[in-house]
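K.L.:
okay, sequence plus prediction incoming.
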Amino acid sequence: MKNILVPVASVKNGINNLRYATSLAAVYNARIYVTCIKTGNTELIIKEVLENTNTLDVQVVSKPITGDVFEGITELSNTLHIDMIILSPKSLDIKDEVYLGPVTTKIIKNTSLPLLIVPQDYFFRRLSSILFAHKNATIESTEASDTLESFVDKFQAEVTVLQVVTPDTAENPREIQAGLKKLSSEHIITENATVFQGITEHFMAINPEMLCVLRRKNTGGFFKKLIRQNEQTLKKQFFTTKPLLILKERE
């Protein structure tokens, strides 16, 4: 992981995300690119974010976006060889009642890059444990497995694999692939109606520092639940209080 993109839209969330990104970049010896995804006053927003963030000697470069925000993020990601995007649950309207705002949701749907959703006011800490939740026993994408493995290697994190068997995957193999088994310290199989239910049922007992999930093109049932859920309701689920790592699975 050498290049991290941090899109900002407000000073408060921008500081929160850049602060987390600089701590992560310091571990990976990575470079950070900051861009503003709000129209108007973009230079002032980035200036204030940078002035109020200790960048820890990490190289931080400001990159403007012109035109469509989502096309701009795609162009920057390709041009700068971005390895990860760090976002807020709400990129623009922090008063929005749903947990994931429309801009963050659209970025999730339209990028194949790893995404890290950082909760508001969350401080970086050592990732001693990761909960990897999924429906299938394999990770088809090499990029997704490499990203998860890099976190394990850098932080010496223990990975709990939570395999959620849903009605549509009940007949699938339950033996996890060798590479995933090598990364995991514990393998839990649970039967639930949805992945969302499986995560909420087990998250508190496992209490990881990060939740990691796979995303398919159709955004999947977990994300449909997450996108539509009221923020106050989700606060009772606890997993929204920790960083969420989203990896794109191969179709």
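P.N.:
Nice, I can see it. Numbers count the residues shown, from 1 in each chain.

K.L.:
restricting to C-alpha, output the helix ranked longest in the chain in PDB.
P.N.:
Criterion DSSP state H: the longest helix present in the chain is helix 11-28. Extracted in PDB, the C-alpha atoms of helix 11-28 (Å, rounded to 0.1, in the frame of the first residue of the first chain):
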ATOM      1  CA  VAL A  11     -13.500  20.300   7.700                       C
ATOM      2  CA  LYS A  12     -14.600  18.100  10.600                       C
ATOM      3  CA  ASN A  13     -14.800  14.800   8.800                       C
ATOM      4  CA  GLY A  14     -11.700  15.800   6.700                       C
ATOM      5  CA  ILE A  15      -9.600  16.200   9.800                       C
ATOM      6  CA  ASN A  16     -10.900  13.000  11.200                       C
ATOM      7  CA  ASN A  17     -10.100  11.000   8.100                       C
ATOM      8  CA  LEU A  18      -6.800  12.600   7.300                       C
ATOM      9  CA  ARG A  19      -5.600  12.100  10.900                       C
ATOM     10  CA  TYR A  20      -6.400   8.400  10.600                       C
ATOM     11  CA  ALA A  21      -4.900   8.200   7.100                       C
ATOM     12  CA  THR A  22      -1.600   9.700   8.200                       C
ATOM     13  CA  SER A  23      -1.300   7.200  11.100                       C
ATOM     14  CA  LEU A  24      -2.000   4.400   8.700                       C
ATOM     15  CA  ALA A  25       0.300   5.800   6.000                       C
ATOM     16  CA  ALA A  26       3.200   6.100   8.600                       C
ATOM     17  CA  VAL A  27       2.900   2.300   9.200                       C
ATOM     18  CA  TYR A  28       3.000   1.600   5.400                       C
END
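
K.L.:
buried ones in it?
P.N.:
Buried residues in helix 11-28, counting neighbours by 16 or more other CB atoms under 10 Å, are found at 11-25, 28. C-beta here means a position set from N, CA and C on the backbone, and glycine is covered the same way.

K.L.:
same question, stretch 105-125
P.N.:
Per 16+ other CB under 10 Å, stretch 105-125 contains these buried residues: 105, 107-108, 111-119, 122.

K.L.:
so of those residues, which ones are in helices?
P.N.:
Secondary structure from DSSP H places 105, 107, 108 of the buried residues of stretch 105-125 in helices.

K.L.:
tell me which residues touch the second one, please.
P.N.:
When contacts are counted by CB atoms under 8 Å, 6 or more residues apart in numbering, residue 107 is found next to 7, 70, 73, 85, 87, 91, 115.

K.L.:
among those, name the ones in helices.
P.N.:
If you go by DSSP H, those have 70, 73 in helices.

K.L.:
going by distance to residue 47, which of the contacts of residue 107 wins?
P.N.:
residue 7 (15.8 Å; CB to CB).

K.L.:
how far away is the residue nearest to the closest one when sequence neighbours are not counted from residue 85?
P.N.:
Closest residue to residue 7 apart from its sequence neighbours, by CB to CB, 6 or more residues apart in numbering: residue 37 at 4.6 Å. Going from residue 37 to residue 85 by CB to CB, to the nearest Å gives 11 Å.

K.L.:
compare the two and say which is more crowded by neighbours.
P.N.:
The neighbour count for residue 37 versus residue 85, taken as other CB atoms under 10 Å, is higher for residue 85 (24 against 20).

K.L.:
cool, thanks, talk later.
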